[in-house]
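Sequence and predicted structure below; questions after.
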Amino acid sequence: MSHRTFTITHENLLDVLTNTIAVGNRLVAPVRRGKKLFFRDVQEVQSIVFDFIQSDESPKDLVFPRVEPMLAHEYNAGNVYLIDFAEKLQPLPTILFGTRPCDAVALSLLIEFFNEGVGDPFVEQRAENLTIISIACTRADSYCFCTSVGVSPNDSRGSDVLLTPIDNDQYYGIVLTEKGNAFVKKGGDNFIPSEPKDVAQYIVTLREEFTPQEITQRLANAFNHPLWMDASLRCIGCGTCTYVCPLCSCFDIQDEGTQTKGVRLRCWDSCGFSLFTLHTSGHNPRHIQSERWRQRVMHKFSYIPQNRNLLGCVGCGRCSRLCPADMNLKEHLCTITKEMTEVKADR
């Protein structure tokens, strides 16, 4: 489809979002909860936060909830009854508004991952009912490094509509998909057709610290490097980095219940946990934290590129901002690049 472009005022955008709720859609947008910023269901558009760099959690649980029932069973009078929750899901049409481009890219990659091969009916149904309205980044902080991992502050991948704040309390928008076209169409005259604009002056400039190819090549020689031990000394294995990451997809399956009834749950998991690789025999192939930290970095920047020709990171910086031990992933990747360059030069 050809990409429609438009402008809309902030006031008219709020009117569109208000009408989105009024007609029965679910609206999820960034809101404050104390000092933190989360994507939550919104009933009053005045609660939406527009001026922020990044939310504290990603919106990935809209397609991949942190805990969800998959199956339930009950044994009664000699009969076994099964409930397949994928058949009963029926997610509401959902508008995800205000996400940053890095999160939209991450959501598209996460959905693609879960739908490879047979496909995941839970993720698939939620993705089909999800429309993503992203807002390009006009600000960044020291934790942001999207340009170093092949993403940009106004990346359009994964978004159905991409908005850019411009002059006079307005947004310039581009419609990228049929879902986005349907959203704009429902907004009627609030969206004013516009000629394509060069929005570079409004987008934050973010220096590239390294390239995806560079970090992947350096990691190919880094498996036994002492930097893993040095970097992991602060790590407490809490899993925060995994839980706030928009692309981490590891999960565990738990069965809860009794002899007569129970439920099977899918729950987020983390490669940073000591039990993540614990075998039934008691052996743990990654028994110390440095090996678990190495696995996290290697998985995102070496193994995924080898297997899927893309990185497992979009440079949102959440893992570093929220780490209670102040482990900074961007700084660590820069160290890897520098250390491995030096090792290579000495050979």
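Received it, and whenever you're ready, just let me know what you need.

in this protein, which helix or strand is least confident?
The weakest-scoring helix or strand in the chain, judged by mean pLDDT, DSSP states H and E, is helix 329-346 (a mean of 75).

Report all helices and strands that the longest strand seen in the chain contacts.
Scanning the chain for the strand with the most residues, using DSSP state E, yields strand 67-76. Counting contacts by 3 or more Cβ pairs under 8 Å, 6 or more residues apart in numbering; DSSP states H and E, strand 67-76 packs against strand 79-84, strand 261-268. The C-beta positions use only the backbone N, C-alpha and C, and glycine is treated the same way.

which one of these has the lowest average pLDDT?
Lowest mean pLDDT within these: strand 79-84, at a mean of 94.

Paired strands for that one, with orientation please.
strand 67-76 (antiparallel) (DSSP bridges).

any idea of the mean pLDDT for the partner strand?
95.

Buried residues, it. List them.
For strand 67-76, burial by neighbour count (16 or more other Cβ atoms under 10 Å) applies to 68-69, 71-72.

for stretch 52-60, same thing?
Buried residues in stretch 52-60 (16+ other Cβ under 10 Å): 53-60.

what's in contact with it?
Outside stretch 52-60, the residues within contact range by Cβ atoms under 8 Å, 6 or more residues apart in numbering are 28, 30, 36-39, 96, 99-100, 103, 106-107, 110, 137, 139-141, 143-144, 243-247, 316-318, 321-322.

Take those and keep only those in helices.
By the criterion of DSSP state H, membership of those in helices covers 103, 106-107, 110, 243-244, 318, 321.

re earlier: which among the contacts of stretch 52-60 count as buried?
Listed as buried from these are 28, 30, 37-39, 96, 99-100, 103, 106-107, 110, 137, 140, 143-144, 243-247, 316-318, 321; burial here means 16+ other Cβ under 10 Å.

which residues in the stretch 101-250 of the chain form helices?
Ranges of helices in the stretch 101-250 of the chain, per DSSP state H, counting those that start in this stretch, are 101-114, 121-128, 178-187, 212-219, 227-232, 240-244.

quick check, A86 in a strand?
No - under DSSP: H, G, I helix; E, B strand; the rest coil, A86 falls outside any strand and is assigned coil.

ok, now which ones touch it?
A86 touches 70, 121-122, 125, counting by Cβ under 8 Å, 6+ apart.

The closest residue to P153 other than its chain neighbours and D167: what is the separation?
What sits nearest to P153 in space, not counting adjacent residues and going by Cβ to Cβ, 6 or more residues apart in numbering, is C137, at 3.8 Å. Per Cβ to Cβ, to the nearest Å, C137 is found 17 Å from D167.

Show me the contact partners of the longest strand of the chain.
Residues outside strand 67-76 that contact it (Cβ under 8 Å, 6+ apart) are 80-86, 122, 253, 257, 259-268.

Can you tell me which of the residues you listed are buried?
Applying 16+ other Cβ under 10 Å to these flags 85-86, 122, 263, 265-266, 268 as buried.

Nearest to T211 among these?
W268 (30.3 Å; Cβ to Cβ).

And the residue nearest to the closest one when sequence neighbours are not counted, how far from S232?
Distances taken as Cβ to Cβ, 6+ apart put R66 closest to W268, at 4.7 Å, once the chain neighbours are dropped. To S232, R66 is 25 Å away according to Cβ to Cβ.

Likewise for R308?
Relative to S232, R308 is positioned 26 Å away (Cβ to Cβ).

Have a look at these two and say which one is more surrounded.
S232 (21 against 13; other Cβ atoms under 10 Å).

do you know how far P193 is from V16?
On the measure of Cβ to Cβ, P193 and V16 end up 15 Å apart.

Please convert the buried ones among the contacts of strand 67-76 to JSON lines, extending it with distance to G173.
Converted to JSON lines, the buried ones among the contacts of strand 67-76 look like this (distance: Cβ to Cβ, whole Å):
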{"residue": "F85", "distance to G173": "36"}
{"residue": "A86", "distance to G173": "35"}
{"residue": "F122", "distance to G173": "31"}
{"residue": "V263", "distance to G173": "43"}
{"residue": "L265", "distance to G173": "40"}
{"residue": "R266", "distance to G173": "36"}
{"residue": "W268", "distance to G173": "33"}
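
circling back to that earlier point, closest to F301 among the buried residues of strand 67-76?
Distances from F301 to those, taken by Cβ to Cβ, are shortest for E68, at 28.7 Å.
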